[in-house]
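Visitor: mind folding the following:
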Amino acid sequence: MVIFLGDNIKNVFCPQPNPFFYGIYNEGDDSQGGDNMHDDRIVELYWQRSEAAIRYTDTKYGHYLMKLSYNILADWEDSKESVNDTYFSAWKSIPPHRPSVLLTYLCKITRQISIDAF
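Guide: Presented below is the predicted three-dimensional model:
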């Protein structure tokens, strides 16, 4: 539930300001791909060991991964750490693997890291 009080916005269920509401976690630069970049191209960037792969992954799926992690941990800071660990784990594991559905692959990693942190 979100309460609007003039210029002040407060999410009642979150003890801290909700970063999803303010658009901190899903700001994409569509001129460089952003949300429009296809998963196979992102996976190809991982295979090329390009750091842009992590940036595009965060732009496209960061919001979803944060929400998944927050639903398990109920803490924004721990959720951010889990998502960062997800990116690191994906960076280490994708060259031997080539996931056909990137979101499913990332969600599996995020869920396991968040459960371990819980």
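
Visitor: and the strands in this protein?
Guide: Per DSSP state E, the chain carries strands over the ranges 2-5, 8-11.

Visitor: pLDDT below threshold where in the protein?
Guide: 1-36 (pLDDT under 70).

Visitor: for it, which helix is longest?
Guide: helix 52-73 (DSSP state H).

Visitor: go through that one and flag the buried ones.
Guide: For helix 52-73, burial by neighbour count (16 or more other C-beta atoms under 10 Å) applies to 53-66, 68-70, 72-73. Any C-beta I mention is one placed from the backbone N, CA and C, and that applies to glycine too.

Visitor: so how far is residue 47 from the nearest residue to residue 79 once chain neighbours are set aside?
Guide: Once flanking residues are discounted, residue 79 sits nearest to residue 69: 4.0 Å by C-beta to C-beta, 6 or more residues apart in numbering. Residue 69 sits 26 Å away from residue 47, going by C-beta to C-beta, to the nearest Å.

Visitor: also residue 77?
Guide: Relative to residue 47, and taking C-beta to C-beta, residue 77 is found at 32 Å.

Visitor: neighbour count: these two, which is higher?
Guide: A count of neighbours by other C-beta atoms under 10 Å puts residue 47 above the other of residue 77 and residue 47, at 12 against 9.
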